[in-house]
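S.K.: Sharing a model that was predicted from the sequence below.
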Amino acid sequence: MNVALFSQLTTLGSSVALLFGIALLCRRSLHAYVEPFRWQSLVLTGLLVVVAYFGDAAELYLVAALFFALKVVFIPHYLERLAKRVGAERESQPYVNITTSLVVAALLVLLAYALTRPLVLASQLPTRGGLPLAVGLIFVGLFVIISRRKALTQIVGFLVLENGVALLALLGTFGIPLIVELGVFLDVLMGFLVMQVFVYHIHGTFESIDVEQLNQLRH
């Protein structure tokens, strides 16, 4: 195994995945949110294949195929159909504006580097360079969830956060056991379907998918 090449590929892939996560913070429409998520998931599929090849882990090829089917094809397509069905509005007034969001994202990435520095220094894994980037992606996904008002964009934020968790598990363990991966995929799918029902209820009650409308339920 060419360790140097493997390390460079995983770090590069992790960097690109993080950039697609940050790109969400510059977008307004749901379609503009879905596309970076789709490309990010495609990058993670490629990383699964890279780790499978260099780590001689044949089961990761199956995981990569499932990841591609779920995250690159099924969920983005279903999100766009859902947006058309409920008439998703643009994210015109997020809780945090675009400029501030980008600054916060940069600070979150720096925080991820600070938190993971002891782990990176102690680790001998060739994938250790991507660990801070994976944690940074988790933070960015969480920030998308709490800084956006529309339910569908929050769902995309949740999916990006889950991509970050998957990336961290992949880089930190060279791929967790297949049965665990299948359980995670099932959890993600079930969570996505539950959130879809949540969106339908918000839209049916308020004729909007702005979660701020939920405050009316207190009155």
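M.R.: Yes, it's here.

S.K.: center of the protein, which residue is that?
M.R.: Val160 (1.4 Å; C-alpha atoms, centre = their mean).

S.K.: Which element, helix or strand, includes that residue?
M.R.: Using DSSP states H and E, Val160 maps to helix 151-173.

S.K.: Please identify the buried residues of that helix?
M.R.: 151-172 (16 or more other C-beta atoms under 10 Å). Every C-beta, even on glycine, is put in place using the N, C-alpha and C of the backbone.

S.K.: for stretch 53-68, same thing?
M.R.: Buried residues in stretch 53-68 (16+ other C-beta under 10 Å): 54-55, 60, 63-64, 66-68.

S.K.: Other residues contacting stretch 46-54?
M.R.: The contact list for stretch 46-54 (C-beta atoms under 8 Å, 6 or more residues apart in numbering) reads 1-2, 6, 9-10, 13-14, 17, 57-61, 63-64, 67, 127, 167, 170, 174-175.

S.K.: rerun that using 10 Å as the cut-off
M.R.: 1-3, 5-7, 9-10, 12-14, 16-17, 57-68, 126-127, 130, 166-167, 170-171, 173-175, 181 (C-beta atoms under 10 Å, 6 or more residues apart in numbering).

S.K.: Which residue is the nearest non-sequential neighbour of Phe37?
M.R.: In space, Phe37 comes closest to Val156 once its chain neighbours are excluded; the distance is 5.4 Å by C-beta to C-beta, 6 or more residues apart in numbering.

S.K.: Lys71 is in contact with Leu159, isn't it?
M.R.: Yes. Here Lys71 reaches Leu159: they are 7.5 Å apart, a contact under C-beta atoms under 10 Å.

S.K.: Now do Lys72 against Leu121, distance only.
M.R.: Quick fix: residue 72 is Val, not Lys. Noted for Val72: a distance of 34 Å to Leu121, by C-beta to C-beta, to the nearest Å.

S.K.: Then Gly13?
M.R.: 22 Å.

S.K.: Ala105 now?
M.R.: 25 Å.

S.K.: What of Val50?
M.R.: 24 Å.

S.K.: ok, the two, which is more surrounded?
M.R.: Higher neighbour count among Val50 and Leu121: Val50, with 20 against 8, using other C-beta atoms under 10 Å.
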